[in-house]
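K.L.:
next comes the sequence, and after it the predicted model I'd like to discuss.
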Amino acid sequence: MAKSKKKLESEFQRKLIEELQVLYPDALIYKNESKQGFPDLTVLYKDRWALLECKREEHADHRPNQDYYVNLANQMSFSRFVYPENKQEVLDELQQAFRSKR
């Protein structure tokens, strides 16, 4: 069962990366795998950045430190938990964050 849950999340993440590449063709998108709880994706776009933590569904468990890093990064720039149920909302918010002037 754990493998199928992991597969669902990795498939969602792969599709999200593809969608981000279409929306922001000049962006650099990195998959993060180093620090426990650090968000899955870093998106660098012009003079802006965002961190995204992918989840397979809205009520998926959060690992230790994930809430801390998402909240901290959101105070600095933009960071969200993203899952199929809120993907469009997060992409809309990201678009606003990337447009806004500091």
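P.N.:
Structure's in. What do you need?

K.L.:
just checking, Leu94 touches Trp49?
P.N.:
No: if you go by CB atoms under 8 Å, Leu94 and Trp49 don't touch, sitting 10.7 Å apart. (Glycine included, C-beta is placed from N, CA and C.)

K.L.:
who's more crowded, the two?
P.N.:
Leu94 (22 against 18; other CB atoms under 10 Å).

K.L.:
what sits closest to that one if chain neighbours are left out?
P.N.:
Ala50 (5.8 Å; CB to CB, 6 or more residues apart in numbering).

K.L.:
and that neighbour, that's in a strand?
P.N.:
Yes: checked against DSSP: H, G, I helix; E, B strand; the rest coil, Ala50 lies within a strand.

K.L.:
right, and it touches Asn74 too?
P.N.:
No: when contacts are counted by CB under 8 Å, Ala50 is not listed as touching Asn74 (9.1 Å).

K.L.:
follow-up on the earlier one: any common contacting residues for Leu94 and Trp49?
P.N.:
Common contacts of Leu94 and Trp49, defined by CB atoms under 8 Å, 6 or more residues apart in numbering, comprise 43, 78.

K.L.:
what sits against the most centrally placed residue in the chain?
P.N.:
Among the residues of the chain, the one closest to the centroid is Leu52, at 1.7 Å (CA atoms, centre = their mean). Going by CB under 8 Å, 6+ apart, Leu52 touches 16, 39-41, 43, 79-82, 90.

K.L.:
now these as a markdown table including neighbour count and distance to Phe98?
P.N.:
Shown next, in a markdown table, are these (neighbours: other CB atoms under 10 Å; distance: CB to CB, whole Å):
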| residue | neighbour count | distance to Phe98 |
| --- | --- | --- |
| Leu16 | 21 | 16 |
| Pro39 | 20 | 17 |
| Asp40 | 21 | 18 |
| Leu41 | 18 | 14 |
| Val43 | 22 | 9 |
| Ser79 | 22 | 13 |
| Arg80 | 21 | 13 |
| Phe81 | 18 | 18 |
| Val82 | 24 | 15 |
| Val90 | 17 | 12 |
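
K.L.:
touching the lowest-mean-pLDDT helix or strand in the chain from outside, list them.
P.N.:
Least confident helix or strand, the chain: helix 2-23 with a mean of 86, by mean pLDDT, DSSP states H and E. Applying CB under 8 Å, 6+ apart, the external contacts of helix 2-23 come out as 27, 29, 31, 40-41, 43, 52, 54-57, 60, 82-84, 87, 91, 95.
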